[in-house]
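Colleague: take this sequence and fold it.
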Amino acid sequence: MEMETEKTNNQVLDQIPEMEIDQQSNRIPGTKIIGIKFKDQGMVYHFNPQDFFAYVGDYVIVETADGEDIGKVASQPRFSLKILNNRPLKKVLRLPNAKDLSRLKQHEEIEMSAYTYCLERIKERELSMKLINVEYTFDESKMVFYFSAENRVDFRELVKDLAYKYKARIELKQVGIRDGARMIDGFGACGRPLCCSTFLMEFAPVSIKMARKQEMVINPAKISGMCGRLMCCIAYEHGNEDEKK
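Modeller: Residues are numbered from 1 along each chain as shown. Predicted coordinates for the structure are as follows:
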């Protein structure tokens, strides 16, 4: 999977209508890609659309490292001259049928119910952890509960509670505070969706020194993101300043 970052290189190709792309596929260099989101406000990942046609907003079944998953088309198929890391793209396998879409809706309801139930069990067992999100894999092989915690948490009894309730393989995955903010999503002080939930693939180190070099007011309320850490944009704005010199 590759994040959607090469918009500048693809501007000309982006203007070619979908049907024309197919007709000219023998004359346009590059790799055919399609942008897929797994959450409404999540990052966009690139897949190989093969010969499937789908409009923005349509659902498609794709292959992932954990098996089949369902995602929503964020950008129609087009050709890219450059693929990040040159890694082979996972494929769009098929278009979903009515049963797949029904299953997706059921999973959303199960995830909401599981989130509420897990919160109750965490409180009941007095565990020092913050539940962030629940994901039920499309193939129904497991449920993943994402959480953050300041210290090590013995959640073995909690896993038993969840496995007994949902009769599925349970995985509790601890994430950092920045990853937690990325999963929850939201808007930054600039009014735009969080960088981490839209296009940042990794978190670069950010320091107060970078903020001072940009002559920013060193006020925690002004330079901290939703996660409570220094805003990620300070790092790449700092990089832009270096490039100008």
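Colleague: just for the chain, where's the confidence low?
Modeller: Residues of the chain that meet the criterion pLDDT under 70 lie in 1-29, 40-42, 83-86, 239-245.
Colleague: check the offset of the longest strand along it from the chain's centre.
Modeller: Of all the segments of type strand in the chain, defined by DSSP state E, the longest one is strand 67-80. Between the centre of strand 67-80 and the centre of its chain there are 13 Å (C-alpha atoms, centre = their mean, to the nearest Å).
Colleague: ok, now stretch 70-83?
Modeller: On C-alpha atoms, centre = their mean, the centre of stretch 70-83 falls 15 Å from the chain's centre.
Colleague: now the longest helix that the chain contains against strand 67-80, angle please.
Modeller: Assignment by DSSP state H gives helix 98-124 as the longest helix of the chain. Between the axes of helix 98-124 and strand 67-80, defined by axes from the mean of the first three to the mean of the last three C-alpha atoms, to 10 degrees, the angle is 120 degrees.
Colleague: what strands line up against the longest strand of the chain, and which way round?
Modeller: strand 31-37 (antiparallel), strand 59-64 (antiparallel) (DSSP bridges).
Colleague: mean neighbour count, the ones you listed: which tops it?
Modeller: Ranked by mean neighbour count, these are led by strand 31-37 with a mean of 22 (mean count of other C-beta atoms under 10 Å). Just so you know, the C-beta spots here come from the backbone N, C-alpha and C atoms, and that holds for glycine as well.
Colleague: can you give me how far the helix or strand just after that strand is from the chain middle?
Modeller: Next in sequence after strand 31-37, counting helices and strands by DSSP states H and E, comes strand 44-47. Chain-centre distance of strand 44-47: 10 Å, with C-alpha atoms, centre = their mean.
Colleague: helices or strands up against strand 44-47?
Modeller: strand 2-3, strand 31-37, strand 67-80 (3 or more C-beta pairs under 8 Å, 6 or more residues apart in numbering; DSSP states H and E).
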